[in-house]
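Engineer: sequence and predicted structure are below.
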Amino acid sequence: MAISKHFIAILMFSLLLLHAVQADHLIEENGLKRSLLGINCGAACVNRCQLSRRPNLCKRACGTCCARCGCVPPGTSGNQQLCACYYNQTTHGGKRKCP
């Protein structure tokens, strides 16, 4: 009986460790490095804001939207419908918040 409890405990620990290793593994998705735990918002927003006239403002707004939504649309502008949460973020004045 003690051996089976010990075996189950080791098996559960092994599965937990395997899951943690897989969650930390980086994958390539749409040319951006993305972790299974979330998107790399910094790199995605640098790419998104590279042609902006106000890059610091763009990166700050993009970073806020990315942190809330977990996605950034591809390209430097448009394509916001590909990330519904990003597309639906608005300011108090009703303007689109995310670049």
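Structural biologist: Yes, it's here. A quick note: this is a predicted structure, and the numbers were derived from the prediction, not measured.
Engineer: what's the end-to-end length of stretch 41-56?
Structural biologist: The first residue of stretch 41-56 is 14 Å away from its last residue (Cα to Cα, to the nearest Å).
Engineer: repeat that for stretch 79-86.
Structural biologist: Per Cα to Cα, stretch 79-86 runs 10 Å from first to last residue.
Engineer: tell me who's in contact with the residue nearest to Ala44 when sequence neighbours are not counted.
Structural biologist: Closest residue to Ala44 apart from its sequence neighbours, by Cβ to Cβ, 6 or more residues apart in numbering: Val72 at 3.9 Å. All C-beta atoms are positioned from the backbone trio N, CA, C, and that covers glycine. Applying Cβ atoms under 8 Å, 6 or more residues apart in numbering, we find Val72 in contact with 39, 41, 44-45, 47-48, 62, 65-66, 83, 86.
Engineer: can I get the residues you listed in CSV including distance to Leu11, pLDDT and neighbour count?
Structural biologist: Shown next, in CSV, are the contacts of Val72 (distance: Cβ to Cβ, whole Å; pLDDT from 0 to 100; neighbours: other Cβ atoms under 10 Å):
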residue, distance to Leu11, pLDDT, neighbour count
Ile39, 33, 83, 19
Cys41, 36, 91, 20
Ala44, 38, 92, 21
Cys45, 42, 94, 24
Asn47, 42, 93, 15
Arg48, 44, 93, 27
Cys62, 43, 93, 26
Cys65, 42, 92, 27
Cys66, 38, 92, 24
Cys83, 39, 88, 19
Tyr86, 41, 87, 24
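Engineer: of all those, which comes closest to Gly93?
Structural biologist: Cys65 (16.2 Å; Cβ to Cβ).
Engineer: what comes up buried for stretch 46-65?
Structural biologist: Using 16 or more other Cβ atoms under 10 Å as the test for burial, stretch 46-65 gives 48-49, 52, 58-59, 61-63, 65.
Engineer: can you put those residues in TSV and add distance to Cys98?
Structural biologist: Compiled in TSV, the buried residues of stretch 46-65 are given as follows (distance: Cβ to Cβ, whole Å):
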residue	distance to Cys98
Arg48	9
Cys49	11
Ser52	12
Cys58	10
Lys59	12
Ala61	6
Cys62	6
Gly63	10
Cys65	4
